[in-house]
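Novice: could you work out the structure for the sequence below:
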Amino acid sequence: MEFALLGVCYDKTQTMRKGAAKAPDVIRNVLPKLETFVSGIDLSEYFIQDLGNIRADKFEELEKSINNIRFQKFPLIIGGEHSISLPLVKLLKPKKFVSFDAHPDLENKDGHSGVMRKIVEILGPKNVFIYGVRTMSKKENFFIKDNIININSLSFLKKIKEPTYLSIDFDILDPSVLSSVGNPEPEGFSFKELIDSVRVIARNLIAVDFVEFTPSNNETDNVIAGKIIYAVIAEIIRSKS
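Specialist: This is a model prediction of the structure:
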């Protein structure tokens, strides 16, 4: 199995902690220093093509650049803020979209806080799943109920059989595990809980993005972010072997 790694350096609409545009380069610097034998899988035996970075000052420019990408291998995308998922969904056309996120991102606005609402408009509410939500606005709560959007149901994730795009917002993790995120929220997942959740849908995945990591001087967080990416890759390889 082969992978294609793309960095998307964009964080123009982040509202709390900016800096996600730096994540692709920081994580690239960390990955070569990590052990590649992960969960019984030797990642060094699998080719990862590095497609470099996309940089843009405006979202329209970002969309145009992403639309010109032609993935020949399994896409692994490192953001960047969560809004980068929208043009990738338009490009890759998955049947299902799953977001692991502390926030539903269903606001009626542009940018990272409204990205899931726009994806719902493209794929339909029955094909969008949000897992790990711990806080939301009143308007988002009404939107979820009115459109019957599934959130926080592991049983529904287990039923997915169609080609699926997975977006992992690093704030799915508890701040005690990883604090360098755009909008940290307490009572989040442990590292193991995140990977166990990925395992549930790994067989059906056609692409994964990792978003909202905002690098800081906390080298431990940089290492954890890299280890999450390697652990997710290992689960994908295992499920498709």
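
Novice: ends of stretch 91-111, what's the gap?
Specialist: With C-alpha to C-alpha, to the nearest Å applied, stretch 91-111 spans 18 Å between its terminal residues.

Novice: same deal with stretch 52-66?
Specialist: Its start and end residues considered, stretch 52-66 measures 12 Å (C-alpha to C-alpha).

Novice: which elements pack onto the helix or strand that residue 165 is a member of?
Specialist: With elements delineated by DSSP states H and E, residue 165 resides in strand 164-169, which encompasses its position. Other elements packing on strand 164-169 under the criterion 3 or more C-beta pairs under 8 Å, 6 or more residues apart in numbering; DSSP states H and E are helix 85-92, strand 96-100, helix 191-201, strand 205-211. For every residue, glycine as well, the C-beta is placed using N, CA and C.

Novice: what about 6 Å?
Specialist: If contacts are counted by 3 or more C-beta pairs under 6 Å, 6 or more residues apart in numbering; DSSP states H and E, strand 164-169 sits against strand 96-100, strand 205-211.

Novice: and the helix or strand following the last one, what does it pack against?
Specialist: Put plainly, it is strand 205-211. Note on strand 205-211: by DSSP H and E, the next helix or strand toward the C-terminus is helix 219-240. The criterion is 3+ C-beta pairs under 6 Å, 6+ apart, and the helices and strands that helix 219-240 contacts are helix 23-30, strand 37-38, strand 41-42, helix 191-201.

Novice: distance of residue 167 from residue 123?
Specialist: As for residue 167, its distance to residue 123 is 12 Å (criterion: C-beta to C-beta, to the nearest Å).
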